[in-house]
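below: sequence and its predicted model.
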Amino acid sequence: MTEPQDDTVLRILRRARGLITEPEHWTKNAFARDAKADVVAVGNEAATCFCSVGAIERAKMDENEPYSTHLLAFEVAASMAPIDWRDVHRGGPLPLSWLMSYNDDTARKHAEVLEVFDKAIARLESLA
């Protein structure tokens, strides 16, 4: 059975994935952009596309949840690669940095980013 916090994390990750489901609503190298592709704040009403981290941040705002973006990024990153917190404390990549780098990689495709979210969501659903 999932804890209430797990349900919240799932809800936020599903909403974040929903924000970038269509390729035209996903971006790289900025947390959010408007319809003209100008960089805007994640919370700006004009924001129409988001990177992975920007989508998580916007979903948190939309859900009015104070969850740590780092925690949510960890849930997503952990679905792709085992993250050992001992490595993080030794200077390894933080989940937020990993997710930003993964999203912004020049070779990264939209479908690959959605797959990361899908795996994270499936992993959390399996814990229910």
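Cool, got the structure. Residues are numbered from 1 along each chain as shown.

what comes up buried for the helix or strand where Leu13 lies?
Leu13 belongs to helix 4-19 when assigned by DSSP states H and E. Across helix 4-19, burial judged by 16 or more other C-beta atoms under 10 Å covers 8-10, 12-17, 19. Where C-beta positions appear, they are placed from N, C-alpha and C, glycine not excepted.

what packs against whichever helix or strand comes after it?
Counting by DSSP H and E, the element after helix 4-19 in chain order, helix or strand, is strand 32-33. Contact analysis of strand 32-33 by 3 or more C-beta pairs under 8 Å, 6 or more residues apart in numbering; DSSP states H and E lists strand 49-50 as its packing neighbours.

can we see that at 10 Å?
Strand 32-33 sits against strand 49-50, helix 52-63, with contacts defined as 3 or more C-beta pairs under 10 Å, 6 or more residues apart in numbering; DSSP states H and E.

hey, least reliable of the ones you listed by pLDDT?
Of all the helices and strands packed on strand 32-33, the minimum mean pLDDT falls on helix 52-63 (a mean of 91).

list the buried residues in that one.
Here helix 52-63 shows 52-60 as buried, counting by 16+ other C-beta under 10 Å.

if I look at His110, how far off is Trp98?
Applying C-beta to C-beta, to the nearest Å, the value for His110 to Trp98 is 18 Å.

could you do Ala37 as well?
The value you get for Ala37 to Trp98, if C-beta to C-beta is used, is 25 Å.

between those two, which one's more packed in?
Trp98 (20 against 11; other C-beta atoms under 10 Å).

so that one is in which element?
When elements are assigned from DSSP H and E, Trp98 belongs to helix 95-104.

run the chain-centre distance for that helix.
In this view, helix 95-104 has its centroid 9 Å away from the chain centroid, taken as C-alpha atoms, centre = their mean, to the nearest Å.

thanks a lot, catch you later.
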